[in-house]
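Peer 1: Structural data only, the sequence is not supplied:
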């Protein structure tokens with residue numbers, strides 16, 4: 001509702017106004033997305049409004065969309081792995097200006113909290129993972145349809161032609177970087193590389209097993225290869241992924257259905273008692289125990305990256321830890337998003353890391369439901385969805 005002061009003194013014509021644009025709205029869990037006209041509010045203090053250029057579909061979008069959790073947040077606009085151009089800025093913004101190229105960030109970096117000031121964490125206390133479908137600043141939405149709120153996802157909501165994010169949840173990137181490619185660095189590819197480099201800190205000549213060969217798992221493989229790992233085992237139930245996986249660094253492929261023994265026993269036999277590093281990239285908590293059992297005693301490290309689809313509590317025998325094994329979690333690969341993502345963009349432009357190779361499909365925004373189907377059917381790595389000009 002407008003205040004009395006704003007009624008007397010309307011904002012100048014140059015001030016950002018409400019934008020009406022198209023967005024793919026999820027009205028309920030698992031329901032096909034519907035193209036709707038939504039109203040996108042102007043950015044509030046310390047926020048920016050973005051014209052989305054490209055957005056890719058991440059497995060966590062699917063998991064949240066299908067979720068039957070007791071606290072459902074709908075209607076909702078999903079999408080968090082995206083690139084765009086700043087359309088307008090809110091009060092107090094000095095970091096961004098109209099026309100800047102940016103990547104969205106599903107976890108932010110305020111630069112001042114305890115975690116942002118520590119080299120040990122990327123878990124910002126101010127702009128951490130947002131789960132309630134609202135903005136960090138005022139716990140309200142910036143989307144509406146016919147006056148009714150439409151909720152956000154991970155404080156990004158890139159399945160819309162325009163979106164509003166906190167300035168700490170976006171990072172400026174070089175204008176010569178192709179936005180339709182580097183959008184993958186705002187989540188999946190960066191998460192896998194960081195898990196290999198920052199969280200596990202893979203060493204040369206080490207042995208690695210990766211459970212789940214989607215974009216994140218193959219990014220871990222790429223990171224392990226670049227670190228000089230001697231054996232990188234990929235585990236997946238889909239044998240059709242084998243050839244593609246080899247291009248990212250997988251040296252050995254294992255389909256558990258092809259073996260009579262439990263897969264952890266197969267891994268131990270292949271690696272003289274277990275690997276140095278194991279990565280769980282599926283989102284299956286039972287597989288976390290399997291990954292721990294695949295590690296060697298003494299120093300074996302398991303890193304879990306997957307988002308659980310159903311049960312989220314882990315159960316593992318204490319002897320796994322008593323023998324010296326370690327379990328670590330990884331969110332966005334441990335990267336501090338605003339500080340580190342531009343370095344990954346630079347690495348991409350220097351052709352030091354693969355990004356383009358993860359893009360298996362390019363689709364128009366109107367085909368977004370096709371992207372969902374392709375991922376559910378396991379027929380894609382990343383579908384890049386291109387917004388209209």
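Peer 2: Ah, there it is. Nothing here was measured: the structure is a model prediction, and the numbers come from that model. Numbers count the residues shown, from 1 in each chain.
Peer 1: residues in contact with the spatially most central residue of the chain?
Peer 2: Nearest to the geometric centre of the chain sits residue 187, at 3.1 Å (CA atoms, centre = their mean). Applying CB atoms under 8 Å, 6 or more residues apart in numbering, we find residue 187 in contact with 56, 58, 60, 80-81, 106, 332. The C-beta positions use only the backbone N, C-alpha and C, and glycine is treated the same way.
Peer 1: Looking at these, which has the smallest pLDDT value?
Peer 2: Model confidence across those bottoms out at residue 60, which has 92.
Peer 1: What segments of the stretch 1-150 of the chain are strands?
Peer 2: Assigned by DSSP state E, counting those that start in this stretch, the stretch 1-150 of the chain shows strands spanning 19-25, 34-40, 47-56, 81-89, 101-104, 143-145, 148-150.
Peer 1: Which among those is found nearest to residue 387?
Peer 2: Taking CB to CB, strand 47-56 is the member of the strands of the stretch 1-150 of the chain nearest to residue 387, at 5.2 Å.
Peer 1: Taking strand 19-25 as reference, get the angle to the closest one.
Peer 2: Our comparison of strand 47-56 with strand 19-25, counting by axes from the mean of the first three to the mean of the last three CA atoms, to 10 degrees, yields an angle of 40 degrees.
Peer 1: will you turn the strands of the stretch 1-150 of the chain into a markdown table that also has mean neighbour count and distance to residue 314?
Peer 2: Formatted as a markdown table, these follow (neighbours: other CB atoms under 10 Å; distance: least, CB to CB, whole Å):
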| stretch | mean neighbour count | distance to residue 314 |
| --- | --- | --- |
| strand 19-25 | 20 | 34 |
| strand 34-40 | 17 | 37 |
| strand 47-56 | 26 | 29 |
| strand 81-89 | 24 | 26 |
| strand 101-104 | 24 | 30 |
| strand 143-145 | 18 | 35 |
| strand 148-150 | 16 | 34 |
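Peer 1: List just the one of those strands that sits closest to residue 171.
Peer 2: When these are compared by CB to CB, strand 101-104 sits nearest residue 171, at 5.4 Å.
Peer 1: Could you list the residues in contact with the closest one?
Peer 2: By CB under 8 Å, 6+ apart, the list of residues contacting strand 101-104 reads 48, 50, 80-86, 96, 156, 158, 163, 165, 169-175, 177, 179, 182-183, 185-186, 341, 345.
Peer 1: Among the residues you listed, which lie within helices?
Peer 2: Among the contacts of strand 101-104, the members falling in helices are 179, 182, 341, 345 (criterion: DSSP state H).
Peer 1: would CSV of the strands of the stretch 1-150 of the chain with distance to residue 367 be doable?
Peer 2: Supplementary listing: those in CSV, determined by distance: least, CB to CB, whole Å:
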stretch, distance to residue 367
strand 19-25, 10
strand 34-40, 11
strand 47-56, 13
strand 81-89, 16
strand 101-104, 21
strand 143-145, 22
strand 148-150, 21
